[in-house]
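Asks: I need the structure of the sequence given here:
(3 chains)
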Amino acid sequence: MSTIFQRKNVIIAVILFAIAFPYLTDNTYYIHIMSLAFIWTIAVYGLNLLAGYTGYLSLAHAGFFAIGAYSIGLLTVKAGLNYWLAFILAILITSFLGLLIGLISLRTKEHFFAIYTLCVGYVIYLVIDKWDSLTGGVRGLIGIPAPANIGPISFQTPVSLYYLILFFMLLAVLVAYRIVNSLTGRTYIAIRNSEELALTMGIDTGKNKLVVFVISTAFAGVAGALYASFIRFIGPEVAYTTVVFDLLTFLLVGGIGTLTGPIVGTLLIVWISQQLQFLQDYRMLIFGPVLTLLVIFYPRGLVGGFYAWKMKREHKRAMKANSAKSSDSAIGAKDQVKEG
Amino acid sequence: MFLETKNLTKRFGGLVAVNSVDFSIEKGKINAIIGPNGAGKSTYFNLISGFYKPTSGQVIFNGQDITKLPPNKVAELGIARTFQSTNLFEQATVLDNVIIGHRLRTNSNLFDAVFRTKRLKREEKMCRDKAMEVLDFVGLTESANQLIGGITQEEKKRAAFALALATDPEIVFLDEPAAGINPDETEGLAILMKKMVDKGITVCLIEHKMSMIMKIADKIMVLNYGEKIAEGTPDEIKNNDAVIKAYLGGSAIA
Amino acid sequence: MEILLQQLFNGLTIGSVYALVALGLTLVYGILHIPNFAHGALYMMGGYITLTMMTSYGFHYWLAILVSMLVVGLLGVLMERFIFYPLREAPPIHDKIAAIGILLFLEAFAQFVWGADYQMMTSPYSQVINVLGLTFTLQRILIIVAAIVIMILLYVFLKKTFTGSTIIAMSQDREGANLVGINTHKVAMLTFMISGALAAVAASLAAPINLVFPGMGHLVILKAFVIIILGGMGSIPGAILGGYILGFSESLGATYISNDYKDIIAFVLLIVILSVKPTGLFAKGGH
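Replies: Purely as a prediction, here's the structure:
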């Protein structure tokens, strides 16, 4: 039981820190960076459900992120809709397009799926870039409003916007956590392990894959919508493949197929990039090889590596204290599965 | 009739893998399918479990035509199977691997997951209890919390049996269950198969180990080049000329 | 009519470049079943190395291309040796991500060394020729001829030499090749060498009519993927045929449909193909 309380304490401490963060620094730039990192985190959790837990590497997610961003941008700027209505519609539009693309792309597997989604992502980018009359093309879309007030709460200041984004990020983590730790999550993991075996277990793999694909795009849509209202300006480059490669880097460094990996990876990389700002466009000189080396030596990232280390340690301890053997390793194994 | 195939045929291009096979599996018995390598045994399994669609012919289960059903629907009707390579998830525990086996008897969906409904909690417990029950049945209770990667080949076979049993099947198809394990362990699996039959579950297996088949099977079908060349009790098969010829003339069996 | 002929000629030019890139990609896929996402970065490196050899070292165009083929081929070998080989038993998602890592690195590297600007490569063959009222630049004719020569050489190598036939044998049956004593590891490295060299020569041929910049490989690699799915993953004739089909569709599409959206043609083609046949046309060895 002690591990459970420990875990709870860690989570509470982290949330408290996140809440206190704006009061720990008066540098609004740091708050800006943190907000942006949280937005990416939401998208990475979505990607993790699909690529990490179900085993389908989608390279179209920058496209869905952009669809979320452009939907809210167009609905508020051009259609003049109420902000929150536009927000909900943006997520619905993204999910609906996700459903359509998922229906077709999920007929393919492995390499074909990755290539297919890479091309879908590129098509989304091209459409945004070329459809000048709708999207503004390369000039982008400016004047996207900040989130509208909810009752007395206003989101005009960076700090209040930070809290709004934090709220959505925590919500995303909670939803991802609950999905993973449920029969539905186990179903996804079964599909990742072996689709053949999952089918034999009576699992409708087609339906399950479609559902997780749509959920995953919805996460990207939420992130995109928040991004648009946070930065207030978007251009076609949010749909470019480099964005999905960024998301992948965050996921891989933190730990693909783990629950804490996405937030650890995203925060870490965003803050390191911040420190390495002088490198700007050259940061991939470092992150590119990191990505490759991680996949070879630490395929489950920092979090996966940490759990492996912890299990080993617990195993050793269990060997020493022979009497408490079975119960201890059982807890270790359970942790592993929750994360895996 | 419990489960039967009528004129079941599967062609891959010009090759006939299964040719017009009529066979009926006897309920509550151990049925076996034998034959030289490449005789079409695995294809026959894949046709019944819905992985392949037959070129012609039918599969009837409890009076229902299941020929065109996808594998997951076939499983729902109570037909389970194992694979030659167990396909289990090595990095998870035995218990976690087996829990998913009962998923097809549950209804909770994404909504239940996100809101952690009572239904989800009830069904999670149901799956866990089921997993413990079948692990107990196959004799793996002790290893429930070990990783699949850390157990023996024979234990993996048992875990695969448990997974199949967790789907609450009426019949279990076992694809070479004794491949890669020693004679003593084979004996243990034979006992387990008998235990399954005693519990009312029909067994149908493909196997290369003749001594085991002859000892435990109630009914045997022999396939050669996709065609049924004989069926009957072990004694009848042993003395069947066509079978002797197929085995002596064809590739030797392991 | 003249426009049509002109566009067909352009299609032949672009198709030649596509075919060369797709050939390298399909060879690697045939041997290792890896979709090498970093292949576009090899293409880009090929362009820059040729350019540097010409501008900084004053090499002749052809000599520069030769150096570029060697260097990029070696780069391919290094990738095989240090990245794909260690990952051969890993889940399929891993080698794709590893390749993406290399792609990101090489692009950043190119930008770091050569800058983000678009650069011109002046070939010694910029003369314009008039035939039957059509205008061709010599470079475009050169692209077509060179591509065909390279394809013939590759064909002879694969079919008529022992080393070449080991590549074919391995792409048909890896375990079988291993059993008959083929050193599969050497064959894999050789294939990467050829693949890299093909990417380098394709980029060097195309650079004088396009431009050299860090992102020059993006579209090309995506289209090469479309081509090998069109032609059958791992199929050599498929890659060539697919390359020309795409070249023609694009040049005609640009004239008769929309120049803005010509790059979409490939992807629409792919989406249609995979929607109808999820394992690609003429699926060979793909899962």
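
Asks: got the contact list for the residue of the stretch 151-287 of chain C found nearest chain A?
Replies: Shortest the stretch 151-287 of chain C-to-chain A distance, computed as CB to the nearest CB: residue-wise this is residue C:278, at 4.0 Å. C-betas here are computed from N, CA, C, even on glycine. In this structure, residue C:278 makes contact with A:107, A:108, A:109, A:112, judged by CB atoms under 8 Å, 6 or more residues apart in numbering or on different chains.

Asks: for stretch B:84-101, the distance to its chain's centre please.
Replies: Relative to its chain's centre, stretch B:84-101 lies at 16 Å (CA atoms, centre = their mean, to the nearest Å).

Asks: and it, average pLDDT?
Replies: Over the span of stretch B:84-101, the pLDDT mean works out to 89.

Asks: Could you do stretch B:31-50 as well?
Replies: In this model, stretch B:31-50 has a mean pLDDT of 89.

Asks: Can I get it in PDB, CA atoms only?
Replies: As requested, C-alpha coordinates have been extracted for stretch B:31-50 and formatted as PDB (Å, rounded to 0.1, in the frame of the first residue of the first chain):
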ATOM      1  CA  ASN B  31     -11.000 -34.600 -31.600                       C
ATOM      2  CA  ALA B  32      -7.700 -34.600 -33.400                       C
ATOM      3  CA  ILE B  33      -6.500 -33.600 -36.900                       C
ATOM      4  CA  ILE B  34      -3.300 -35.100 -38.100                       C
ATOM      5  CA  GLY B  35      -1.400 -35.200 -41.300                       C
ATOM      6  CA  PRO B  36       2.000 -34.600 -42.900                       C
ATOM      7  CA  ASN B  37       3.400 -31.100 -43.000                       C
ATOM      8  CA  GLY B  38       1.600 -28.900 -45.400                       C
ATOM      9  CA  ALA B  39      -1.500 -31.100 -45.300                       C
ATOM     10  CA  GLY B  40      -3.700 -28.100 -44.700                       C
ATOM     11  CA  LYS B  41      -4.300 -28.600 -41.000                       C
ATOM     12  CA  SER B  42      -3.600 -25.000 -39.900                       C
ATOM     13  CA  THR B  43      -5.600 -23.700 -42.900                       C
ATOM     14  CA  TYR B  44      -8.500 -25.800 -41.800                       C
ATOM     15  CA  PHE B  45      -8.300 -24.200 -38.300                       C
ATOM     16  CA  ASN B  46      -8.100 -20.800 -39.800                       C
ATOM     17  CA  LEU B  47     -11.200 -21.500 -41.900                       C
ATOM     18  CA  ILE B  48     -13.300 -22.500 -38.900                       C
ATOM     19  CA  SER B  49     -12.100 -19.600 -36.700                       C
ATOM     20  CA  GLY B  50     -12.900 -17.100 -39.400                       C
END
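
Asks: Now do the buried residues in it.
Replies: By neighbour count, with 16 or more other CB atoms under 10 Å in any protein chain shown as the criterion, the buried positions of stretch B:31-50 are B:31-36, B:38-50.

Asks: Next, the residue of the stretch 151-287 of chain C closest to chain A: secondary structure please.
Replies: coil (DSSP: H, G, I helix; E, B strand; the rest coil).

Asks: ok, back up a step: looking at the contacts of residue C:278, spot the one nearest residue A:179.
Replies: Among these, residue A:109 lies closest to residue A:179 (CB to CB), at 22.2 Å.

Asks: Just the pLDDT for that closest one.
Replies: Reported pLDDT at residue A:109 in the predicted model: 83.

Asks: May I have the residues that are in contact with residue C:135?
Replies: Under the criterion of CB under 8 Å, 6+ apart, the contact partners of residue C:135 comprise C:6, C:128, C:129.

Asks: Phi and psi next, for the last one.
Replies: Reported as degrees, to the nearest 10, the phi and psi values for residue C:129 are phi -120, psi 140.

Asks: thought it was touching residue C:136?
Replies: Yes - applying CB atoms under 8 Å as the test, residue C:129 and residue C:136 come out as touching, 5.0 Å apart.

Asks: Which of those two has more residues huddled nearby?
Replies: Each of residue C:129 and residue C:136 had its neighbours counted (other CB atoms under 10 Å in any protein chain shown), and the higher figure belongs to residue C:136 (17 against 11).

Asks: Nothing else from me, thank you.
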